[in-house]
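K.L.:
Give me a model of this one.
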Amino acid sequence: MRRRGGARQLSLDDARKPVGRGGWRPGAGRPKKSGAISHARRERFPGRFPQHVTLRLADGAPSIAREWLMARVIRPAIEASQKPRFRVVEFNVLANHLHLMIEADGAIALARGVQGLAIRIARRVNSALQRSGKLFGQRYHARALKSPREVRNALRYVLLNRKHHAAEKRF
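P.N.:
Coordinates of the predicted model:
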């Protein structure tokens, strides 16, 4: 379609050609950080699927794999986060991350529940360790467990992961 003055509407392909300076071009934009978690939309899942969630600590955060911290701070924070639409079934705390088995009614219940849990743990851990600042880094990783075998394997992984990491340190 021609407009007055000889100008015409560009197609998307014509508009994206790297011509001259400025505008879109291959490789433009902020560089990707190594190890960064994707901000793509999470996979949708029915509420009947349990979730295996991993929460990583921020760079420079102290280790939270201490027995006294677990008994006095982390376990009570997890118990306080239980809601009718969100509950933590099992968990394991390692030096730089937490593994959680979670049942949530849907994506929104999962997101809000994990966010509330992370805030609750961070505030209590920061208070106990007399520190301030960010405790958890980036986003959490969640994986829907769609079959009984996946649930069994993930549960085994969560509960035995500490032994696995301890065996790695010995060698």
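K.L.:
so how far is I119 from the residue lying closest to T54 once chain neighbours are set aside?
P.N.:
Distances taken as CB to CB, 6 or more residues apart in numbering place H141 nearest to T54, at 4.4 Å, with adjacent residues excluded. Placement of C-beta: from N, CA and C, glycine included. According to CB to CB, to the nearest Å, H141 and I119 sit 18 Å apart.
K.L.:
what does R143 give?
P.N.:
22 Å.
K.L.:
Just give the closest residue to R56, not the sequence neighbours.
P.N.:
Leaving aside its chain neighbours, R56 sits nearest to H97 (4.7 Å; criterion: CB to CB, 6+ apart).
K.L.:
residues in contact with the one you found?
P.N.:
T54, L55, R56, L57 (CB atoms under 8 Å, 6 or more residues apart in numbering).
K.L.:
neighbours of the third one, just the number please.
P.N.:
By the criterion of other CB atoms under 10 Å, R56 has 18 neighbours.
K.L.:
That one: what secondary structure?
P.N.:
Secondary structure, DSSP: H, G, I helix; E, B strand; the rest coil: R56 is strand.
K.L.:
Am I right that it is in contact with L135?
P.N.:
No: using CB atoms under 8 Å, R56 is not in contact with L135; the gap is 10.2 Å.
K.L.:
Can you give me the distance of the spatially most central residue of the chain to N153?
P.N.:
Centroid-nearest residue in the chain: Y140, 0.8 Å away (criterion: CA atoms, centre = their mean). Going from Y140 to N153 by CB to CB gives 20 Å.
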